[in-house]
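Enquirer: here you go, sequence then predicted model.
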Amino acid sequence: MKGIYCANEPMMDRVRVIQKDHPITAYYFTNLYANMERELPFPETTDQTAWQQWRSALRKRLVCLMSIDSWGALDSVPAYEVLEESDHERYVRRKITFETLPGNYMLAYLLIPKGLSSPVPAVLCPHGHFQQASLSTVEPSLAGGVAYAHELAERGFVALAPENAGNGERDVPAEEVYGQMCGGCDLLFRRLNHLGRDLTGFRIYELILCLNLLCSLSEVDSRRIGGAGLSGGCWLTQVLAALDERVKAVILSGYFTTFAQTACNGHCICHHPKGIGSVCDMTDLSALIAPRYQYVESGSEDSFYPPEPAFSIVKRAYSLLGSSENFDIDLFQGGHMFRGTKSIPWLADVLNDRLA
């Protein structure tokens, strides 16, 4: 099946005739991509065996493509150390650190509701490209919209908000940055590219360890794990849930689109593993999550991240699997933000009731 390329959709580059006297190379590769057959699109069938074979094939391909399993054992459970602890009305917030590789440390905020008498659902909350990184998910005053880890802990869920590699406190200190591209995702992408590795793959490796940590906690019901993310956190949540079926329900906010649209809009390089577009599209990642639960958020003013044609394509996958009720969208008036008005109650209902 060809790559997803719909010229009538917003913010998508056009197929063009290349002029001999003005041979723009980007146009050539756009045309090439538009006519490319992707290797593993989701199957247009209701046959469950075909779907299972496709899931197995695409997951193996993605793990290899993003070199996820090259870093170490995916079943290891990190032991964490508490750096800070603060008391909130309905939960305790701990800033924690743990090794994901020898000598490589992750920071995260672990929010534990008060007064638990039995294990409760948990939600992994990757952050987007915000200056305050994981703090933007736990501090309402710093959030892009709703501080979703905070809101979920307020509702009685354990929440874990990790600091992405290369962002926030895990970025190069400002005083060491000599140029515009000497830190953050760009530097890590280049370093990992030189090593023959992938940044999304490394972040997913670390998030798998975060899932292992969550599932090991006595406060957590490991059968009811969710994910929520805005922007770059949406991307990571989508990829993680596609690969790891322990994640039963996700909120995908502010970055539910297609690779053709992300390339046209110049989104961060960290969202573009080498070769992934020849294997699948972002819609196929969400089809890997199906028939598990997905809720998409998209603001009317968030024009750089158009949800069509992606939403309609993934809706087709859910329809083929007879689970259309497990996939929904909130098209709200607003910009690039985690709204949460409909999605958080939806996730609470799924984790507390539908998966109970």
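Expert: Ah, there it is.

Enquirer: what's the lowest-mean-pLDDT helix or strand in the chain packed up against?
Expert: When the helices and strands of the chain are scored by mean pLDDT, DSSP states H and E, helix 259-264 comes last with a mean of 79. When contacts are defined as 3 or more C-beta pairs under 8 Å, 6 or more residues apart in numbering; DSSP states H and E, helix 259-264 sits against helix 25-34. For glycine as for every other residue, the C-beta is placed from the backbone atoms N, C-alpha and C.

Enquirer: how far out from the middle of the chain is the helix it packs on?
Expert: Mean-position distance between helix 25-34 and its chain equals 27 Å (C-alpha atoms, centre = their mean, to the nearest Å).

Enquirer: just checking, what packs against the helix or strand following that helix?
Expert: Sequence order places helix 48-65 as the next helix or strand after helix 25-34, per DSSP states H and E. Contact here means 3+ C-beta pairs under 8 Å, 6+ apart; on that basis helix 48-65 packs against helix 232-243, helix 276-279, helix 282-289.

Enquirer: which of these sits closest to residue 269?
Expert: Distance to residue 269, taken as C-beta to C-beta, is lowest for helix 232-243 among those, at 11.1 Å.

Enquirer: so that closest one versus helix 48-65, what angle?
Expert: Computed with axes from the mean of the first three to the mean of the last three C-alpha atoms, to 10 degrees, the direction of helix 232-243 lies at 130 degrees from that of helix 48-65.

Enquirer: tell me where the stretch 1-150 of the chain has strands.
Expert: Remark: strands assigned in the stretch 1-150 of the chain by DSSP state E, counting those that start in this stretch are 81-87, 91-101, 104-113, 120-124.

Enquirer: okay but residue 84 is in contact with residue 95, surely?
Expert: Yes - applying C-beta atoms under 8 Å, one finds residue 84 in contact with residue 95, separated by 4.1 Å.

Enquirer: quick one: which of the two has more around it?
Expert: Neighbour count, other C-beta atoms under 10 Å: between residue 84 and residue 95, residue 95 has more, with 20 against 9.

Enquirer: that one pairs with what?
Expert: On the basis of DSSP bridges, residue 95 is bridged to residue 84, residue 109.

Enquirer: that one reaches residue 111, doesn't it?
Expert: No - counting by C-beta under 8 Å, residue 95 sits too far from residue 111 to count as a contact (10.5 Å).

Enquirer: where does pLDDT dip in this structure?
Expert: The model of the chain has pLDDT under 70 over residues 1-14, 175-183, 264-266.

Enquirer: now with 80?
Expert: Low-confidence segments of the chain (pLDDT under 80): 1-16, 174-183, 262-267, 356.

Enquirer: gap between the two ends of stretch 67-86?
Expert: One end of stretch 67-86 sits 37 Å from the other (C-alpha to C-alpha, to the nearest Å).

Enquirer: how many neighbours does the closest residue to residue 211 other than its chain neighbours have?
Expert: Of all residues not flanking residue 211 in the chain, residue 246 sits nearest, at 5.8 Å (C-beta to C-beta, 6 or more residues apart in numbering). By other C-beta under 10 Å, 17 other residues sit near residue 246.
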